[in-house]
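Enquirer: model the following, please.
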Amino acid sequence: MDADVSELEERAINVVRGLAMDGPQRAGSGHPGTAMALAPLAHVLFHRVMKHDPSLPDWHDRDRFVLSPGHASILLYSYLYLTGYGQTIDDLKAFRQLDSRTPGHPERLHAPGIDTTTGPLGQGMASAIGMAIAEEHLRATFGAEVCDHHTFIICSDGDLQEGISHEASSLAGHLALGRIVMIWDDNHISIDGPTELSWSDNTPDRFRAYGWHVEELGEAANDLDTLEAAIRRGMEVTDKPTFLALRTHIGYPSSLQDSEKAHGEPLGADVVRDAKSVLGLPPDEDFWVPEDVLALYRESIPRGQAIRHEWEQRLANMKGDREAYDAAQEGRPLTEWVKSLPTWEAGDKIATRKAGAAVLDAVKDLVPGLLVGGADLTGNTGVKVKLQVFNPDDRSGKQIYYGVREHGMAAAMNGMAAHGGILPVGGTFFVFSDYCRGSIRIAALSKLKVVYSFTHDSIGLGPDGPTHQPVEHLASLRAMPHLRVIRPADGNETAHAYRVAFEAEGPTALVLSRQELPVLEGTEAAYDGVARGAYVLREDEEADLTLIGTGSEVRLCVEAVPLLAARDIRARVVSMPCWDLFEEATDDEKEEVLPSDLPALAVEAAASFGWDHWAEGTVTMDRFGASGPGEEIMVARGFTSERVADEAVNLITSLQEAFGDDEGDD
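Expert: Predicted structure coming up:
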């Protein structure tokens, strides 16, 4: 290598180390030490290895980069500024400040060049596994001329200690995902102190056991050529993912090197000044970036543009199905796909999980980016479709088996959606959404288009008992911003729910039944109502109250209407599959569905929490379920049309008494 270039690269890396100290120092919070230690590695990736174009950050065939230890975000922001992604020096100065483009952890869509949201440890590396799955599938489907790139991951001790890392890494090894290069920042330090306090794994052997290609690089954290050569060797391994163990020294070369004090807090003005002197930086100048360093990194733009322009020419001349490719990249079905959605006639009986499977089977060839799978419960959760299986021998398969890895599955789905080109659908029992929750939250925060098929949605699942019967889960997921939770009443509403999920942006959780449910009259044409979140299923202009149901309990509301009529009470029925969508309706639309002058009784085989926003009374359950035949448990817990009618009478009576008392007080 030319000596002048080598010297400039070394100075460029030291400039990044200076920025890594300055950002947290000015903010009064942050994690400088990891970024300082990883500056050479990030330099090799961004300047020497990765295929990327800062002038068009989202072009499809770029390499993906995931900084799984998101607490080291100042490192990523520094390189996004230096290489020309649109970050400015003022953005770095606003690190961790309100409304800045440089928040404490990288957030997808917050600034160009951030491929996925990271921060909760393990999430980044697990999402990256999904990115690699997406790349493999798209390359096999549309051809290497339009999809041929790698996924680069930096992971930390903390990432590897989180349980999700085991799920995702095991899956990646099983699937032989050869376009992953993951570098472990082995710095031996956690916030509590040395990692030896709590960790004694032989990590390289662990990854060998998973089926990864493993190299132990030792003390090479500052050796650019060694780092580059190892990464390029990993890129050439096509039949297994690559794991590079790199011994680093947190806080290098400050006086707090190899100390937990360099991890989770600013180094302090004196330490920063001394470290800058060691690095050959102006000790009293903050955010110092000389022109020659900036020019070196901005070479990424013309280099990336040339690579991208070549790709654009190949895309223009691609031999495959361009319409399908464009639909996949846009995360949408093909035109007129809705005509293939199945419908069911009133009186038919079908579990909504099975209706979901029928929907997927009907449209599988009309959703080019569709990738369907389950966490072992593939057939049980309505996500087993007549499709080829995605496996090491056939990357074009659209059916993927995740095994009993709920959290890893959900995170991989995030990575697929963030990568682009894939519309992932993943299934498990609703109660096990607890295991997915961290990944669901990232999907909601990042507005990723993923679809969850959560089945066995209530005590109606029966003999598996309370450990498998969700009670509080609807309330819990409904509380999450930007997550669309839909609990359809029958097969037709399920088809409409999938339509919403496939056509809208952001994540959707479908909450489906194990048991058969009758198809209700009026649901076959209820798409607008489902898309609005709630609609009138049975109208009565002279009604005394509204019965609101979701899922399997809508039937109980319908059956309660004649029982109430026999007691001289008239009721209308509203199906309310999605609170989130109904909350977005106009005031007039809400008034049309839930008139403010009518009391409402909500019926749902789940916790009552939150229903007071929509109804004056409830038939719900604030206790756990039981083991036994599902219908018997429903009866035992009071989910019958007779109970609904009784509670409706009680509600009207109590309101009349209350109104009478108020009138008397006046």
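
Enquirer: ok, Glu260 - contacts?
Expert: With contacts defined as CB atoms under 8 Å, 6 or more residues apart in numbering, the neighbours of Glu260 are Ile189, Ser190, Ile191, Asp192, Gly193, Pro194. All C-beta spots, glycine's among them, are computed from the backbone N, C-alpha and C.

Enquirer: chain neighbours aside, what residue packs nearest to it?
Expert: Using CB to CB, 6 or more residues apart in numbering and skipping residues adjacent in sequence, the residue nearest Glu260 is Gly193, 5.0 Å away.

Enquirer: so the spatially most central residue of the chain is in which element?
Expert: With distances taken as CA atoms, centre = their mean, Ala443 lies nearest the centre of the chain, 2.6 Å away. Per DSSP states H and E: Ala443 is located in helix 433-446.

Enquirer: report all helices and strands that that helix contacts.
Expert: helix 123-142, helix 406-419, strand 451-455, helix 473-478 (3 or more CB pairs under 8 Å, 6 or more residues apart in numbering; DSSP states H and E).

Enquirer: pull the CA atoms of the first one into PDB?
Expert: Spelled out, that is helix 123-142. What follows is helix 123-142, C-alpha atoms only, in PDB (Å, rounded to 0.1, in the frame of the first residue of the first chain):
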ATOM      1  CA  GLN A 123     -32.100  -7.500  17.900                       C
ATOM      2  CA  GLY A 124     -29.700  -6.200  15.300                       C
ATOM      3  CA  MET A 125     -27.800  -9.400  14.700                       C
ATOM      4  CA  ALA A 126     -31.100 -11.400  14.600                       C
ATOM      5  CA  SER A 127     -32.700  -8.900  12.200                       C
ATOM      6  CA  ALA A 128     -29.600  -9.200  10.000                       C
ATOM      7  CA  ILE A 129     -30.200 -12.900   9.700                       C
ATOM      8  CA  GLY A 130     -33.500 -12.000   8.100                       C
ATOM      9  CA  MET A 131     -31.800  -9.600   5.700                       C
ATOM     10  CA  ALA A 132     -29.600 -12.500   4.600                       C
ATOM     11  CA  ILE A 133     -32.600 -14.700   4.100                       C
ATOM     12  CA  ALA A 134     -34.200 -11.900   2.000                       C
ATOM     13  CA  GLU A 135     -31.100 -11.600  -0.200                       C
ATOM     14  CA  GLU A 136     -30.800 -15.300  -0.800                       C
ATOM     15  CA  HIS A 137     -34.500 -15.600  -1.700                       C
ATOM     16  CA  LEU A 138     -34.500 -12.600  -4.000                       C
ATOM     17  CA  ARG A 139     -31.300 -13.700  -5.800                       C
ATOM     18  CA  ALA A 140     -32.800 -17.200  -6.400                       C
ATOM     19  CA  THR A 141     -36.100 -15.700  -7.500                       C
ATOM     20  CA  PHE A 142     -35.000 -12.800  -9.700                       C
END
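
Enquirer: packing partners of it?
Expert: By 3+ CB pairs under 8 Å, 6+ apart, helix 123-142 packs against strand 64-67, strand 151-156, helix 163-174, strand 180-186, helix 322-329, strand 370-374, helix 406-419, helix 433-446.

Enquirer: can you list these in a markdown table and add mean pLDDT and distance to Val519?
Expert: Converted to a markdown table, the helices and strands packed on helix 123-142 look like this (pLDDT from 0 to 100; distance: least, CB to CB, whole Å):
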| stretch | mean pLDDT | distance to Val519 |
| --- | --- | --- |
| strand 64-67 | 98 | 44 |
| strand 151-156 | 98 | 44 |
| helix 163-174 | 98 | 37 |
| strand 180-186 | 98 | 45 |
| helix 322-329 | 98 | 30 |
| strand 370-374 | 98 | 24 |
| helix 406-419 | 98 | 30 |
| helix 433-446 | 98 | 26 |
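
Enquirer: winner for burial among these?
Expert: Sort the helices and strands packed on helix 123-142 by mean neighbour count, taking mean count of other CB atoms under 10 Å, and helix 406-419 sits at the top with a mean of 30.

Enquirer: thinking again about what came up before, and the residue nearest to the centre of the chain, how close does it get to Glu503?
Expert: 17 Å (CB to CB, to the nearest Å).

Enquirer: would CSV of the helices and strands packed on helix 123-142 with distance to Asn202 be doable?
Expert: Formatted as CSV, the helices and strands packed on helix 123-142 follow (distance: least, CB to CB, whole Å):
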stretch, distance to Asn202
strand 64-67, 24
strand 151-156, 16
helix 163-174, 14
strand 180-186, 12
helix 322-329, 41
strand 370-374, 31
helix 406-419, 22
helix 433-446, 26
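
Enquirer: looking at these, which is nearest to Ala346?
Expert: When these are compared by CB to CB, strand 370-374 sits nearest Ala346, at 28.7 Å.

Enquirer: which element follows the closest one toward the C-terminus?
Expert: strand 399-401.

Enquirer: what's the spacing between that following strand and its chain's center?
Expert: 18 Å (CA atoms, centre = their mean, to the nearest Å).

Enquirer: mind giving me the packing neighbours of it?
Expert: Counting contacts by 3+ CB pairs under 8 Å, 6+ apart, strand 399-401 packs against strand 370-374.

Enquirer: how much does the strand it packs on deviate in direction from strand 451-455?
Expert: Calculated by axes from the mean of the first three to the mean of the last three CA atoms, to 10 degrees, strand 370-374 forms an angle of 30 degrees with strand 451-455.

Enquirer: next, the angle from strand 370-374 to helix 322-329.
Expert: Using the same axes, to 10 degrees: strand 370-374 against helix 322-329 is 50 degrees.

Enquirer: follow-up on the earlier one: the helices and strands packed on helix 433-446: which one's closest to Leu244?
Expert: Short answer: helix 123-142, nearest of the helices and strands packed on helix 433-446 by CB to CB, at 13.1 Å.

Enquirer: tell me the angle of that closest one relative to helix 163-174?
Expert: 30 degrees.

Enquirer: what's the local residue count around Asp90?
Expert: For Asp90, the tally of surrounding residues (other CB atoms under 10 Å) stands at 12.

Enquirer: am I right that it is in a helix?
Expert: Yes - assessed by DSSP: H, G, I helix; E, B strand; the rest coil, Asp90 belongs to a helix.
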